[in-house]
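Chemist: Okay, here's the prediction I keep looking at, along with the sequence it came from:
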Amino acid sequence: MATAPITKPASVRAAANMTDYDTLCAGFSWDDAQALIDGLSDGRMNIAHEAVDRHVASGHGEQLALRWISKSGSQQDFTYAALQTETNRFANMLRSQGLQKGDRVYALLGRVPELYIAALGTLKAGCTFCPLFSAFGPEPIRSRMEIGGANALITTARLYKRKVKALRPDLPDLRKVFVIDEAAEDTLPLTDLMADASEEFTTEAMNPEDTALLHFTSGTTGKPKGVVHVHQAVVAHNWTGRIALDLRAGDTYWCTADPGWVTGTSYGIVAPLTNRVSMIVDEAEFDVARWYDILEGEGVNVWYTAPTAIRMLMKAGTEALQGRDFPALRFMASVGEPLNPEAVIWGNTAFGQPFHDNWWQTETGGIMIANYAAMDVKPGSMGRPLPGIEAGIVEMDPEGDSLRALTEPQAMGELALRPGWPSMMRGYLHEQARYDKCFRDGWYLTGDLAMRDADGYFWFVGRADDLIKSAGHLIGPFEVESALMEHEAVAEVGVIGIPDETAGELVKAYVALKPGYEPDEDLRLDLLGHARKRLGPAVAPKEIAFRKNLPKTRSGKIMRRLLKARELGLPEGDISTLESDET
Ligand code: ATP
Ligand code: MG
């Protein structure tokens, strides 16, 4: 895409954690990142030690670790020392209830302090932690608990009664259910048990390859996979938080993601705390004024969010920003979906700096490709691989039966990574064949299509499943969506290919409009004309349908496969993670 790069002032480059990308990449080995964490004796480690205990031991116990903002706006603060006490109590509580190293502890909670305490306390006890979105219905809860063999669950009395109670006969491994409010029969009162538990706990010294976290993928392309991550991942969480998000000790940091999505764990718990920042947790759902109040009022330095939220802020317009000032805001980043160039540029106008897009997956555990504080941003590009990460564009060799790496600039192929970084998944639970299929000829295949330009920047094209083949052209939905996003009337857009006898497939766009625009024929023609001018007739959509909303996962991703299934009258497949829907 032809948008001009956004350059960084010398002062920003000089102050960033990484001042020179090429030098850092050339001299980097993962041992350097390993050296940034403490570790425990005999080569053992524990994520919770790196996130909490070591900061208290080094004299930072009085620093704010977590500020919780409740839905009603009240606040609760936890220093690192308080977080240590609470997580110790939690770990002791698990022990007293018979939960041992290796057991699986699940959480079904909104973004409340107990969720964060449970995550870290579970890790301290050497158990595996698995967070679920509290908005999940009974079936996604049941299947995820069954796949992971949940032994304990932390939830609320209301969620238990509405969603879990009836499932218990199906979940024989589920020995204990703790509720954070009033315990009903067959549940245990977490607060009382924690009040009785000791504040002293010796964090379990784990083998680096011991399982720490179980995370389900977003389910954008199909049935969610249960991804296994180990304690060693903390080396990458800490490193990537520092390099890709420019986290610095003492920063005020806000990750808007829920831990039910991997971003809310890797970068909503582990990376910030291991980097000793003070993190904000907001219990409430997205709200324009509330978000600006938090950014401004809390003096957020680093903000990590997602394209869907950015597009909603854009939709609200610049009026919502009037009279506001964000002098503390130093770095803004986005993940989860391709970030349209329009959104990057809007950020630059609205906040005086671009949104920094970065790319990764539940499987990779941490950020792999990013736009860095010290680097020029090319709007629409995911950026460049992290130091320590080798990324390639690959395709099947037409003459053989192996993968070949495409090195010529702009060649499109599957985005692949050389395995070997610490936060790489160690498996898909109970799905060995699906896991094995991800690896070939020394590469991990991501399932995403991308290009690399002559400067080494990577550009997302689309998911392999979403690629459109029309009259001999290969069309990535992102390019078409980004062109439509430039139009002043468009708030959000999802593009798919629909079968066509002559062209193979035709490009169809589903468009949601900004307030004040009517979905009439004039606007439809105007959008078609705009797209044709920007993309040429071969790539531009042939059809546009207006929608109030697009179907999205709970992690905010447009479910193009669902648009397509509905268009073709096919079964909808697994929709356990569907949040907002078309109307
Ligand atoms: P499933 O694997 O169950 O279909 P999912 O792939 O959406 O769901 P996640 O692991 O949450 O589950 O998402 C990772 C995917 O999100 C990536 O493979 C990519 O398709 C998309 N993605 C994440 N960040 C970006 C980005 N910056 N640009 C483009 N796409 C992104
Ligand atoms: Mg995926």
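Modeler: In hand now; what should we look at? Ligands and ions are numbered 1, 2, ... in the order given.
Chemist: neighbours around the nearest residue to residue 575 once chain neighbours are set aside, how many?
Modeler: Excluding the flanking residues, the one nearest residue 575 by C-beta to C-beta, 6 or more residues apart in numbering is residue 562, at 6.8 Å. No exception for glycine: its C-beta is placed from N, CA and C like everyone else's. Residue neighbour count, defined by other C-beta atoms under 10 Å, stands at 23 for residue 562.
Chemist: swap in residue 430?
Modeler: 13.
Chemist: ok so, going back, contacts only, for the residue nearest to residue 575.
Modeler: Residue 562 makes contact with 551, 572, 573, 575, 578 under the criterion C-beta atoms under 8 Å, 6 or more residues apart in numbering.
Chemist: Most neighbours among those, which one?
Modeler: residue 551 (24 neighbours).
Chemist: For that one, list the residues it contacts.
Modeler: Neighbouring residues of residue 551 by C-beta under 8 Å, 6+ apart: 558, 559, 562, 563, 578, 580, 581, 582.
Chemist: Wait, a strand at the last one?
Modeler: No: in this structure, residue 582 is coil, not part of a strand, as judged by DSSP: H, G, I helix; E, B strand; the rest coil.
Chemist: I'd say it and residue 547 touch.
Modeler: Yes: using C-beta atoms under 8 Å, residue 582 makes contact with residue 547 at a distance of 5.1 Å.
Chemist: Now do the shared contacts for those two.
Modeler: Each of residue 510 lies in contact with both residue 582 and residue 547 under the rule C-beta under 8 Å, 6+ apart.
Chemist: Under the pLDDT cut-off, which ranges of the stretch 1-150 of the chain? List them.
Modeler: Counting by pLDDT under 70, the stretch 1-150 of the chain has low-confidence residues at 1-2.
Chemist: And the strands in it?
Modeler: Remark: strands assigned in the stretch 1-150 of the chain by DSSP state E, counting those that start in this stretch are 64-69, 75-79, 104-108, 128-132.
Chemist: How about the residues of the stretch 401-550 of the chain by ligand 1?
Modeler: Remark: the part of the stretch 401-550 of the chain in contact with ligand 1 comprises 446, 448, 460, 463, using C-beta under 6 Å from any ligand atom.
Chemist: could you dump those residues to JSON lines with neighbour count?
Modeler: Shown next, in JSON lines, are those (neighbours: other C-beta atoms under 10 Å):
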{"residue": "446", "neighbour count": "22"}
{"residue": "448", "neighbour count": "20"}
{"residue": "460", "neighbour count": "22"}
{"residue": "463", "neighbour count": "20"}
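Chemist: quick one: which two of those are the most distant?
Modeler: 446 and 460 (10.4 Å; C-beta to C-beta).
Chemist: Need the overlap of contacts for the two.
Modeler: Counting by C-beta under 8 Å, 6+ apart, the contacts common to residue 446 and residue 460 are residue 415.
Chemist: and residue 507, what helix or strand is that in?
Modeler: Using DSSP states H and E, residue 507 sits in strand 504-513.
Chemist: Toward the C-terminus, what is the element adjacent to that strand?
Modeler: Next in sequence after strand 504-513, counting helices and strands by DSSP H and E, comes helix 521-535.
Chemist: can I assume residue 129 is in contact with residue 107?
Modeler: Yes: if you go by C-beta under 8 Å, residue 129 and residue 107 touch, sitting 7.2 Å apart.
Chemist: show me what contacts the residue nearest to residue 82 when sequence neighbours are not counted?
Modeler: With sequence-adjacent residues excluded and distances taken as C-beta to C-beta, 6+ apart, residue 82 is closest to residue 65, at 7.5 Å. With contacts defined as C-beta under 8 Å, 6+ apart, residue 65 is in contact with 52, 55, 78, 79, 80, 82, 83, 273, 278, 279.
Chemist: Indicate which one of the strands of the stretch 1-150 of the chain is closest to residue 189.
Modeler: Of all the strands of the stretch 1-150 of the chain, strand 104-108 sits nearest to residue 189, with 16.1 Å by C-beta to C-beta.
Chemist: and the angle from the closest one to strand 128-132?
Modeler: Inter-element angle recorded for strand 104-108 and strand 128-132: 20 degrees (by axes from the mean of the first three to the mean of the last three C-alpha atoms, to 10 degrees).
Chemist: Quick one: name the residues of the stretch 201-350 of the chain near ligand 1.
Modeler: Counting by C-beta under 6 Å from any ligand atom, the stretch 201-350 of the chain sits next to ligand 1 at 217, 218, 219, 220, 221, 222, 224, 262, 335, 336, 337, 338.
Chemist: Can you say which of the residues you listed are buried?
Modeler: Among these, those classed as buried by 16 or more other C-beta atoms under 10 Å are 217, 218, 219, 220, 221, 224, 262, 335, 336, 337, 338.
Chemist: quick one, what contacts the residue lying closest to the fourth one once chain neighbours are set aside?
Modeler: Distances taken as C-beta to C-beta, 6+ apart put residue 557 closest to residue 220, at 4.8 Å, once the chain neighbours are dropped. Applying C-beta under 8 Å, 6+ apart, we find residue 557 in contact with 218, 220, 308, 336, 337.
Chemist: residue farthest from the centroid of this protein?
Modeler: Most distant from the centre of the chain: residue 502, at 39.3 Å, with distances by C-alpha atoms, centre = their mean.
Chemist: Distance of the nearest residue to it once chain neighbours are set aside relative to ligand 1?
Modeler: Nearest residue to residue 502, sequence neighbours excluded (C-beta to C-beta, 6+ apart): residue 471, at 7.6 Å. Separation of residue 471 from ligand 1 (C-beta to the nearest ligand atom, to the nearest Å) stands at 25 Å.
Chemist: Run a quick neighbour tally on residue 471.
Modeler: Per other C-beta under 10 Å, the neighbour tally for residue 471 reads 14.
Chemist: now it: how far from residue 31?
Modeler: 51 Å (C-beta to C-beta, to the nearest Å).
Chemist: Could you do residue 214 as well?
Modeler: As judged by C-beta to C-beta, residue 214 and residue 31 stand 28 Å apart.
Chemist: likewise residue 233?
Modeler: For residue 233 relative to residue 31 (C-beta to C-beta), the value is 16 Å.
Chemist: out of those two, which sits in the more crowded spot?
Modeler: Legend: neighbour count by other C-beta under 10 Å for residue 233 and residue 31, higher for residue 233 (24 against 8).
Chemist: CA atoms only for stretch 439-452, dumped as PDB, please.
Modeler: What follows is stretch 439-452, C-alpha atoms only, in PDB (Å, rounded to 0.1, in the frame of the first residue of the first chain):
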ATOM      1  CA  PHE A 439       5.300 -28.200  10.900                       C
ATOM      2  CA  ARG A 440       7.100 -29.000   7.700                       C
ATOM      3  CA  ASP A 441      10.600 -28.800   6.400                       C
ATOM      4  CA  GLY A 442      11.900 -27.000   9.400                       C
ATOM      5  CA  TRP A 443       9.100 -24.400   9.400                       C
ATOM      6  CA  TYR A 444       6.100 -23.700  11.600                       C
ATOM      7  CA  LEU A 445       3.200 -22.800   9.300                       C
ATOM      8  CA  THR A 446       0.900 -20.100  10.600                       C
ATOM      9  CA  GLY A 447      -2.100 -20.500   8.300                       C
ATOM     10  CA  ASP A 448      -1.800 -16.800   7.400                       C
ATOM     11  CA  LEU A 449      -0.700 -15.400   4.000                       C
ATOM     12  CA  ALA A 450       1.700 -12.500   3.800                       C
ATOM     13  CA  MET A 451       4.300 -10.600   1.800                       C
ATOM     14  CA  ARG A 452       7.600  -9.200   2.700                       C
END
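Chemist: Can you pull the phi/psi pair for the residue in the stretch 401-550 of the chain positioned nearest to ligand 1?
Modeler: Nearest residue of the stretch 401-550 of the chain to ligand 1: residue 460, at 3.9 Å (C-beta to the nearest ligand atom). Backbone geometry at residue 460, expressed as degrees, to the nearest 10, gives phi -80, psi 130.
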